[in-house]
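J.: build me a model:
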Amino acid sequence: MECGKMEDESRFEVLFGNLGRHVIRNKEDKDNPSCYQRSVQKPASLMVWGCMSACGMGSLHVWKGSINAEKYIQVLEQHMLPSRRHLFQGRPCIFQQDNSRPHSASITTSWLRRRRIRVLKWPVCSPDLSPIENIWRIIKRKVRQRRPNCTFCHPLTCMSK
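T.: All right, here's what the predicted structure looks like:
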């Protein structure tokens, strides 16, 4: 029987805006620093790639910035292939990814085909079907509860404190 391997990447905000909070003050307190709350217009964020299967969890890879097809292929080479070897130890598996641009780019599909990696056909716009989305949701909730004040930190480091 073949096992499936799900992978995905997710953006984690490491500084959070004012989260809808409002400050009520009197006119005479307008210059009082205690009446002001720091907020962030565009929160700093990190991208995190991870993979999982019924056999266990694969590695995580964290970087600052966005992802394109070339970067995605680097992540697959450096993290997906070693995780696949570790989790499946030569047994056949089917690779599942969503249909984001880096995943469906012609250079990505060619790279997967050259390496004979079987890819599960996945419906467009259906991220909630993937079990890894639940893991991202749990991690994001824990990061948000910690509300880190650092401008650049590893979200999982912030969680472990």
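J.: any idea how far Glu9 is from the residue lying farthest from the centre of the chain?
T.: Largest separation from the mean C-alpha position in the chain: Glu28, at 45.4 Å (C-alpha atoms, centre = their mean). Glu28 sits 50 Å away from Glu9, going by C-beta to C-beta, to the nearest Å. C-beta: built from backbone N, CA, C; applies to glycine.
J.: before we move on, back to that, what's the pLDDT at the residue farthest from the centre of the chain?
T.: Glu28 carries a pLDDT value of 78.
J.: Leu76 now?
T.: Looking at Leu76, its pLDDT is 96.
J.: what does Pro127 give?
T.: Value for Pro127, per-residue pLDDT: 61.
J.: list the buried residues of stretch 60-76.
T.: Going by neighbour count (16 or more other C-beta atoms under 10 Å), the buried part of stretch 60-76 is 60-62, 67, 69, 71-73, 75-76.
J.: let me know the secondary structure of Gly90.
T.: coil (DSSP: H, G, I helix; E, B strand; the rest coil).
J.: counting neighbours, what do you get for it?
T.: Applying other C-beta atoms under 10 Å, we find 7 residues neighbouring Gly90.
J.: now do the one 5 residues further on
T.: Neighbouring residues of Phe95 were enumerated by other C-beta under 10 Å; the total is 19.
J.: check Ser104 too.
T.: By other C-beta under 10 Å, the residues close to Ser104 number 15.
J.: try the one 4 residues further on
T.: Summarising burial for Thr108: neighbours were counted as other C-beta under 10 Å, giving 21.
J.: doesn't it belong to a helix?
T.: Yes. Residue state for Thr108 (three-state DSSP) corresponds to a helix.
J.: isn't Cys55 right up against Arg84?
T.: No. Applying C-beta atoms under 8 Å, one finds Cys55 not in contact with Arg84, separated by 9.9 Å.
J.: just to revisit the earlier point, OK, contacts around the residue farthest from the centre of the chain?
T.: Not one residue lies near Glu28 by C-beta atoms under 8 Å, 6 or more residues apart in numbering.
J.: I'm done for today, thanks for sticking with me.
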